[in-house]
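S.K.: sequence first, then the predicted structure:
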Amino acid sequence: METATGVLFGFLFWKFGLGVELGIALVYASILLAIAVIDLEHELILNVVVYSSLPFAFALAFLSPDPTIASAALGFVVGVAAVSLPFLIYRQGMGMGDVKLGGLIGLMVGYPHVLVALLLAVVSGGLIASLLLILRIKGRKDAIPFGPFMAAGAFVTMLWGQAILDWYPPTL
């Protein structure tokens, strides 16, 4: 864990240099890494982590030009709504922690970047789950935590979300 954190922080320093963006990225990376590791180990996304992170994410939106306060607030609503849909349809597949994490990610990256983060989470989670099933490491009824995929999607979106949006073809 310590080595991964050090490598992650070094990468963020290389990417952003010294400044406000680095500070924000370090805070978000720490939160997302903690959530991912706890969910991998215990299959839980702890309320204490998500709820205590929400005010920080909201406050950091004031310091950052991207996302703006309006974009962060809309991202929160879209993140909660988008993750709530599968939860409402198939309750055994997801927990409320995933829904709350969707809102936190929306605050962190804003709208429309929250959609990129969640799409990356679904695609990467689906690919890894398929691989685990094919290799018979997991069975159909075995739980696979979704939080780490959401955290990874959010992290990738923080770094390259706009580039991904610019690459994605416009809708008709």
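M.R.: Sure thing, it's come through.
S.K.: which intervals of the protein have sub-threshold pLDDT?
M.R.: For the chain, the stretches with pLDDT under 70 are 91-93, 170-172.
S.K.: show me where it has its helices.
M.R.: Secondary structure of the chain (DSSP state H): helices at 2-16, 20-42, 47-63, 69-89, 96-109, 113-134, 147-167.
S.K.: deepest-packed of the ones you listed, please.
M.R.: Highest mean neighbour count of the helices of the chain: helix 96-109, a mean of 26 (counted as mean count of other C-beta atoms under 10 Å). All C-beta atoms are positioned from the backbone trio N, CA, C, and that covers glycine.
S.K.: contacts only, for Gly6.
M.R.: Residues near Gly6 by C-beta atoms under 8 Å, 6 or more residues apart in numbering: none.
S.K.: for Met150, see how far away it is.
M.R.: For Gly6, the distance to Met150 (C-beta to C-beta, to the nearest Å) stands at 23 Å.
S.K.: from Lys141, how far off is the closest residue to Val37 other than its chain neighbours?
M.R.: Of all residues not flanking Val37 in the chain, Met1 sits nearest, at 6.3 Å (C-beta to C-beta, 6 or more residues apart in numbering). Computed as C-beta to C-beta, the Met1 to Lys141 distance reads 29 Å.
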